[in-house]
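A.B. asks: no sequence for this one, just the structure:
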């Protein structure tokens with residue numbers, strides 16, 4: 001179901017009018033009410049609260065959490081955005097979970113659009129849980145995003161998930177290769193059988209054969225009983241060989257035989273065991289370079305690389321970071337491990353970070369911040385130093401501005417005189433404009449917003465003109 005309405009509840013009349021202009025600008029249908037009239041507005045305008053995409057709550061009479069509870073009784077899946085306020089410290093988990101973010105007035109264009117997208121995702125997750133198909137949110141939660149790179153991965157996964165072929169997943173550490181492997185298993189015909197992961201780089205080479213194929217009693221010192229290997233445990237299901245590039249060459253030969261003949265023997269045994277497992281392998285190494293250096297078998301590579309999937313690094317899909325942050329914070333809230341929100345400067349700082357540890361690094365950072373600032377709003381100042389790429393006072397995202405009446409132009413006492421030989425009007429006006437901007441910035445001590453007010457133009461317009469003329473507010477003030 002597509003929700004059509006943004007429901008704004010606010011007792012500040014002027015702000016409601018301005019919010020209406022903003023909703024028209026972004027082509028969203030909004031309903032407006034006060035804290036006394038919201039029930040009647042809902043009854044007159046929509047068939048049920050389930051048609052609300054999100055509720056924005058500004059200044060209201062009475063406790064804000066009580067109003068949220070009343071709305072949640074109508075529909076427990078409503079996401080809320082709080083305007084110029086925060087929740088009380090003592091509220092129940094349902095209310096805190098439903099409040100997905102806080103907004104500051106005047107509203108940032110990008111921040112509002114991001115929050116409406118987060119509200120849509122929140123709605124979709126609630127719908128999936130209520131419909132009983134709990135598999136989808138659990139399995140695809142780390143593959144959230146709308147970037148072209150991650151959409152390409154989803155497309156490849158949909159093509160191969162139900163095909164009983166070997167898959168090789170490549171990509172940097174922390175990009176989510178095991179998540180892809182689990183998805184492929186879950187959406188295959190083997191979903192009711194085991195999924196067994198093995199990290200080939202974490203097991204000593206002398207123990208790896210026993211770990212994969214098992215051993216018989218007395219096969220080596222300490223083998224006091226027979227033990228089944230990972231191939232036996234994964235029978236009928238999927239065996240995930242993580243970090244396959246770290247597998248020793250002698251083991252590569254034995255794995256190749258299993259892939260070719262679908263048989264193996266336990267260590268110390270002579271009974272041939274037939275196996276029926278699907279192999280999914282993953283590595284962060286360049287296996288083709290390793291083949292050139294004689295560190296990986298070429299024949300094994302081609303056996304594994306039947307269907308390759310390359311996971312993109314997080315720096316290659318930075319537009320997915322806001323949605324990933326939302327997903328990670330929602331997960332923590334469900335696990336009752338705290339809740340945090342990110343303001344504009346923090347969000348822009350994280351988008352500009354190179355993320356060498358990819359999604360795993362992002363998840364660890366969110367968990368760390370939740371411990372340090374439980375139920376807090378994170379700015380760039382609260383981020384660890386290496387993640388601060390935007391100054392806290394910098395307005396990283398443009399703001400909505402409501403058109404104000406323009407003052408009548410001041411008539412010049414002395415009309416400009418045209419030189420006898422004429423002039424380049426465009427160049428002359430540009431020089432005059434640049435000079436006036438310099439004077440305004442100097443008079444306002446470099447505060448761009450005040451200079452824009454002095455020049456009767458929008459702040460964003462002034463910023464663009466400063467870029468056009470190569471003006472830096474600090475240099476202007478110093479000069």
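C.D. replies: Yes, it's here. The model shown is predicted, which means the values in this text are computed figures rather than measured ones.

A.B. asks: residues contacting residue 34?
C.D. replies: By Cβ atoms under 8 Å, 6 or more residues apart in numbering, the contact set of residue 34 is 9-11, 60. (Each C-beta comes from the backbone N, C-alpha and C, glycine too.)

A.B. asks: For residue 451, give its distance to residue 439.
C.D. replies: 9 Å (Cβ to Cβ, to the nearest Å).

A.B. asks: coming back round to it: which members of the contacts of residue 34 come out as buried by neighbour count?
C.D. replies: 9-10, 60 (16 or more other Cβ atoms under 10 Å).

A.B. asks: picking that back up, neighbour count winner among residue 451 and residue 439?
C.D. replies: Taking neighbours as other Cβ atoms under 10 Å, residue 451 and residue 439 compare with residue 451 leading, 25 against 14.

A.B. asks: now that one, nearest residue through space, not along the chain?
C.D. replies: residue 440 (4.0 Å; Cβ to Cβ, 6 or more residues apart in numbering).

A.B. asks: Now the one you found: which helix or strand?
C.D. replies: helix 425-443 (DSSP states H and E).

A.B. asks: again with residue 190
C.D. replies: Judged by DSSP H and E, residue 190 forms part of no helix or strand.

A.B. asks: got a list of what it touches?
C.D. replies: By Cβ under 8 Å, 6+ apart, the contact set of residue 190 is 164, 236-238, 278.

A.B. asks: Tell me the one among those residues nearest to residue 464.
C.D. replies: Taking Cβ to Cβ as the measure, residue 464 lies nearest residue 238 of the contacts of residue 190, at 54.1 Å.

A.B. asks: circling back to that earlier point, retrieve the pLDDT associated with the residue nearest to residue 451.
C.D. replies: Looking at residue 440, its pLDDT reads 83.

A.B. asks: okay, now it: neighbour count?
C.D. replies: By other Cβ under 10 Å, the burial measure for residue 440, its neighbour count, is 20.

A.B. asks: how far away is it from residue 206?
C.D. replies: Taking Cβ to Cβ, one finds residue 440 at 75 Å from residue 206.

A.B. asks: try residue 126
C.D. replies: Applying Cβ to Cβ to residue 126 and residue 206 gives a distance of 51 Å.

A.B. asks: and the two? which has more neighbours close in?
C.D. replies: Neighbours were counted for residue 126 and for residue 206 using other Cβ under 10 Å; residue 126 has more, 17 against 9.

A.B. asks: what's the span of stretch 18-33, first residue to last?
C.D. replies: From its first residue to its last, stretch 18-33 covers 14 Å (Cα to Cα, to the nearest Å).

A.B. asks: Between all of the contacts of residue 34, which two are at the greatest distance?
C.D. replies: 9 and 11 (8.3 Å).

A.B. asks: Need the overlap of contacts for these two.
C.D. replies: 34-35, 58, 60.

A.B. asks: residues near the closest residue to residue 215 other than its chain neighbours, how many?
C.D. replies: Among residues not flanking residue 215 along the chain, residue 267 sits closest, at 3.9 Å (Cβ to Cβ, 6+ apart). Residues contacting residue 267 under the criterion other Cβ under 10 Å number 19.

A.B. asks: Got the confidence number for residue 267?
C.D. replies: Value for residue 267, per-residue pLDDT: 87.

A.B. asks: Identify the residues contacting it.
C.D. replies: 209-210, 213-216, 219-220.

A.B. asks: next one: residue 324
C.D. replies: Residue 324 neighbours (Cβ under 8 Å, 6+ apart): 144-145, 359, 362.

A.B. asks: and of the contacts of residue 267, the nearest to residue 181?
C.D. replies: Proximity of the contacts of residue 267 to residue 181 (Cβ to Cβ) peaks at residue 213, which lies at 20.7 Å.

A.B. asks: What lies in contact with stretch 63-75?
C.D. replies: Under the contact criterion Cβ under 8 Å, 6+ apart, stretch 63-75 has outside partners 9, 35, 38, 42, 48-50, 52, 55, 57, 60, 78, 80, 82, 85, 87-88, 91, 94-95, 98-99.

A.B. asks: if we go to 6 Å?
C.D. replies: 49-50, 57, 60, 78, 80, 91, 95 (Cβ atoms under 6 Å, 6 or more residues apart in numbering).

A.B. asks: Just flag the most distant two among the residues you listed.
C.D. replies: Across those, the longest distance by Cβ to Cβ is 23.1 Å; it joins 50 and 91.

A.B. asks: Just want to know which of the two has more residues nearby.
C.D. replies: residue 91 (19 against 14).

A.B. asks: quick one: the more buried one and residue 64, what's the gap?
C.D. replies: Distance from residue 91 to residue 64, by Cβ to Cβ: 9 Å.

A.B. asks: Same question for residue 39.
C.D. replies: Look at residue 39 and residue 64: by Cβ to Cβ, they are 16 Å apart.

A.B. asks: quick one, strands of the stretch 251-400 of the chain?
C.D. replies: Taking DSSP state E, counting those that start in this stretch as the test, the strands found in the stretch 251-400 of the chain are 263-264, 273-274, 278-283, 307-310, 341-342, 377-378.

A.B. asks: Using JSON lines, please lay out the ones you listed together with distance to residue 367, mean neighbour count and mean pLDDT.
C.D. replies: As requested, the strands of the stretch 251-400 of the chain are exported to JSON lines (distance: least, Cβ to Cβ, whole Å; neighbours: other Cβ atoms under 10 Å; pLDDT from 0 to 100):
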{"stretch": "strand 263-264", "distance to residue 367": "40", "mean neighbour count": "16", "mean pLDDT": "92"}
{"stretch": "strand 273-274", "distance to residue 367": "42", "mean neighbour count": "14", "mean pLDDT": "92"}
{"stretch": "strand 278-283", "distance to residue 367": "24", "mean neighbour count": "25", "mean pLDDT": "96"}
{"stretch": "strand 307-310", "distance to residue 367": "27", "mean neighbour count": "16", "mean pLDDT": "96"}
{"stretch": "strand 341-342", "distance to residue 367": "14", "mean neighbour count": "24", "mean pLDDT": "84"}
{"stretch": "strand 377-378", "distance to residue 367": "13", "mean neighbour count": "19", "mean pLDDT": "84"}
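
A.B. asks: for the protein, what helix or strand is lowest in average pLDDT?
C.D. replies: Ranking every helix and strand in the chain by mean pLDDT, DSSP states H and E puts helix 135-140 at the bottom, with a mean of 38.

A.B. asks: Next secondary structure element downstream of it?
C.D. replies: Where DSSP H and E defines the elements, the next helix or strand beyond helix 135-140 is helix 148-160.

A.B. asks: What are the buried residues along that next one?
C.D. replies: Using 16+ other Cβ under 10 Å as the test for burial, helix 148-160 gives 149-150, 153, 156-157, 160.

A.B. asks: Stretch 433-440 too?
C.D. replies: 434, 437-438, 440.

A.B. asks: quick one: average pLDDT of the lengthiest helix in the chain?
C.D. replies: Under DSSP state H, the helix in the chain containing the largest number of residues is helix 109-131. Model confidence over helix 109-131 averages 73 on the pLDDT scale.

A.B. asks: Can you spell out which helices and strands pack onto that helix?
C.D. replies: strand 99-103, helix 135-140 (3 or more Cβ pairs under 6 Å, 6 or more residues apart in numbering; DSSP states H and E).
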